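Enquirer: Just need the structure, nothing else, for what follows:
(2 chains)
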Number of protein chains: 2
Amino acid sequence: MRTLFQEDLQKLGDELIRISTLAAEAMDKARRAFEDADVQLADEVIAADQRIDALQNDLDEHAIDLLALQGPVASDLRMIVGALRMSASLERMGDLARHIAQLVRLRFPDHVAPDHLKPVFSRMAEHSVTGGRKVTELLETRDLAVAREVTEINEQINELHRSIFTLIAEEDWEASAATTADCTLASRYFERFGDHAVAVSNKVAYLVTGEWDAKAAE
Amino acid sequence: MRTLFQEDLQKLGDELIRISTLAAEAMDKARRAFEDADVQLADEVIAADQRIDALQNDLDEHAIDLLALQGPVASDLRMIVGALRMSASLERMGDLARHIAQLVRLRFPDHVAPDHLKPVFSRMAEHSVTGGRKVTELLETRDLAVAREVTEINEQINELHRSIFTLIAEEDWEASAATTADCTLASRYFERFGDHAVAVSNKVAYLVTGEWDAKAAE
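Expert: Next up is the predicted model:
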């Protein structure tokens, strides 16, 4: 019975890795769609999000089954509750990639960002993709050095998010109000993606070390 | 033992009601701070958010204790897992009220919204407060008619959210780019507040009826 339960826990971990992989992939495609105003790629991201939602539902049902059938305690219980939390964040990361793709679709054939903001958005998007992939790596390895990398990447995303607002507030900002609104939202979506990556990362770190860094989890 | 457990579940429900009450109160204060550019009220919202975060942590620990000590199954288990989900949404509603208050603080002594947008934001904010209070009422009564009201209120918030973008995109929009960015974010915060209200509401409806409206839960 005990061995079977460990297999179940392993399966739950594999499901998290699968969703995390898809969320990072969604962000990578959203990034390219955003950079190239590629509406076909954007549509792929939008369509693929249903798969992430379905996998999250599956994972949650499996987690609840484990709680019901195994009556886990201590670290096993924390792991299962943690999986429910992480699946919610990963699903949200998929949503945010979809939101970016939806902006691309809305403005096609135009680009969402004006030319002089493109380099900032490119860096933000690259960091987001890297952050997403690091989350998958962390779920696979439980290496706390990777958790620290996710936090550092998020700090860079936050800095770029702030710099977008600085650029928008500058006197020589000439873009239309609609473009301003789009850039504000896009920047917010990348920033929230990074926040959720950190939320998952902190949860893994907590499960590994047993110590919850409430400050870092905000 | 059984009676004690039902008392524990009741206590968990009371904790949800307490957090929901504080989240609606935070939004009511954020609404007034936003309308009157009242930085003192904004500061109150910002400071009070820590209390909501702490209550969420307490609730989550109690829920995990119940899972560990009582090994609940079936509807009791769903109720406890549901409480973990709802506490996350309610905590997030507190964050969003805080974000609105932070915009007020950032722009003080100016108002966040230009004059001609104020009526739209006022309606959005009123609906948000009502939605938040209806969530508390729903948690107290489990009356599905109230759940439907929360959904309807959210639809009105979404419509106002869209109308903000229509106004921003109009030719006679004269506000600065910084104001455009602020209004975009504020509108997004109200809209997300409404989404989380619906998420909590759908979860209660699911726990009452046993039927999960996945479509409505998006």
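Enquirer: The helix or strand hosting residue A:93 packs against which elements?
Expert: Using DSSP states H and E, residue A:93 falls within helix A:74-107. Applying 3 or more Cβ pairs under 8 Å, 6 or more residues apart in numbering or on different chains; DSSP states H and E, we find helix A:74-107 packed against helix A:2-36, helix A:39-70, helix A:118-141, helix A:177-209, helix B:39-70, helix B:74-107. C-beta: built from backbone N, CA, C; applies to glycine.
Enquirer: got the angle between it and helix B:74-107?
Expert: 50 degrees (axes from the mean of the first three to the mean of the last three Cα atoms, to 10 degrees).
Enquirer: Looking at the helices and strands packed on helix A:74-107, which is nearest to residue B:17?
Expert: Comparing the helices and strands packed on helix A:74-107 by their distance to residue B:17 (Cβ to Cβ), the top pick is helix B:74-107, with 9.8 Å.
Enquirer: And that closest one, what's buried?
Expert: By neighbour count on 16 or more other Cβ atoms under 10 Å in any protein chain shown, the buried set for helix B:74-107 is B:76-105, B:107.
Enquirer: which one of the helices and strands packed on helix A:74-107 lies closest to residue B:176?
Expert: helix A:177-209 (9.3 Å).
Enquirer: tell me which helix or strand of chain A sits lowest on mean pLDDT?
Expert: One helix or strand of chain A scores below all others by mean pLDDT, DSSP states H and E: helix A:2-36, with a mean of 94.
Enquirer: contacting residues around the residue of chain A found nearest chain B?
Expert: When distances are taken as Cβ to the nearest Cβ, chain A reaches nearest to chain B at residue A:71, 3.8 Å away. Counting by Cβ atoms under 8 Å, 6 or more residues apart in numbering or on different chains, residue A:71 makes contact with residue B:71.
Enquirer: before we move on, what about residue A:183?
Expert: When contacts are counted by Cβ under 8 Å, 6+ apart, residue A:183 touches A:112-114, A:117, A:121, A:164, A:168, A:175, B:181.
Enquirer: same deal with residue A:127?
Expert: A:153, A:156-157, A:160, A:190, A:194.
Enquirer: And the residue sitting nearest the centre point of chain A, how far from residue A:200?
Expert: When Cα atoms, centre = their mean is applied to chain A, the residue found nearest the centroid is residue A:93 (3.3 Å). Per Cβ to Cβ, to the nearest Å, residue A:93 is found 8 Å from residue A:200.
Enquirer: Then residue A:138?
Expert: Distance, residue A:138 to residue A:200, using Cβ to Cβ: 8 Å.
Enquirer: List the residues that are in contact with both of the two.
Expert: Counting by Cβ under 8 Å, 6+ apart, the residues touching both residue A:138 and residue A:200 are residue A:150.
Enquirer: quick one, which of the two is more surrounded?
Expert: Set residue A:138 next to residue A:200 and count neighbours by other Cβ atoms under 10 Å in any protein chain shown: residue A:200 wins out with 30 against 26.
Enquirer: circling back to that earlier point, tell me which of the helices and strands packed on helix A:74-107 sits nearest to residue B:133.
Expert: Smallest distance to residue B:133 across those (Cβ to Cβ): 11.6 Å, for helix B:74-107.
Enquirer: What average pLDDT does that closest one get?
Expert: Helix B:74-107 shows a mean pLDDT of 97.
Enquirer: Same question for stretch A:131-150.
Expert: If you average the pLDDT over stretch A:131-150, you get 97.
Enquirer: Just the terminal-to-terminal distance for it.
Expert: Stretch A:131-150 has an end-to-end distance of 5 Å (Cα to Cα, to the nearest Å).
Enquirer: which other residues reach it?
Expert: Applying Cβ under 8 Å, 6+ apart, the contact partners of stretch A:131-150 are A:13, A:16-17, A:20-21, A:23-24, A:27-28, A:86, A:90, A:93, A:153-154, A:157, A:193-194, A:197-198, A:200-202, A:204-205, A:208-209.
Enquirer: if we can go back for a sec, redo the contacts of residue A:127 as a markdown table? Include neighbour count.
Expert: Converted to a markdown table, the contacts of residue A:127 look like this (neighbours: other Cβ atoms under 10 Å in any protein chain shown):
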| residue | neighbour count |
| --- | --- |
| A:153 | 24 |
| A:156 | 16 |
| A:157 | 27 |
| A:160 | 22 |
| A:190 | 30 |
| A:194 | 27 |
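Enquirer: now those as a markdown table including pLDDT?
Expert: Output for those, formatted as a markdown table (pLDDT from 0 to 100):
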| residue | pLDDT |
| --- | --- |
| A:153 | 98 |
| A:156 | 98 |
| A:157 | 98 |
| A:160 | 98 |
| A:190 | 98 |
| A:194 | 98 |
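Enquirer: mind checking how far stretch A:34-45 is from the chain centre?
Expert: On the basis of Cα atoms, centre = their mean, to the nearest Å, stretch A:34-45 sits 18 Å off its chain's mean C-alpha point.
Enquirer: Endpoint to endpoint, that stretch covers what distance?
Expert: 11 Å.
Enquirer: swap in stretch A:29-47?
Expert: First-to-last residue span, stretch A:29-47, Cα to Cα: 12 Å.
Enquirer: quick check, it touching chain B?
Expert: No: using Cβ under 8 Å from any Cβ of the partner chain, stretch A:29-47 stays clear of chain B, coming no nearer than 13.2 Å.
Enquirer: Buried ones in that stretch, by neighbour count?
Expert: Buried residues in stretch A:29-47, counted by 16+ other Cβ under 10 Å: A:29-35, A:37-39, A:41-46.
Enquirer: Can you name the two of the residues you listed that sit furthest apart?
Expert: Using Cβ to Cβ, the two most remote members of those are A:35 and A:46, lying 16.9 Å apart.
Enquirer: got a markdown table for the helices and strands packed on helix A:74-107, with distance to residue B:5 too?
Expert: Shown next, in a markdown table, are the helices and strands packed on helix A:74-107 (distance: least, Cβ to Cβ, whole Å):
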| stretch | distance to residue B:5 |
| --- | --- |
| helix A:2-36 | 24 |
| helix A:39-70 | 15 |
| helix A:118-141 | 34 |
| helix A:177-209 | 27 |
| helix B:39-70 | 5 |
| helix B:74-107 | 7 |
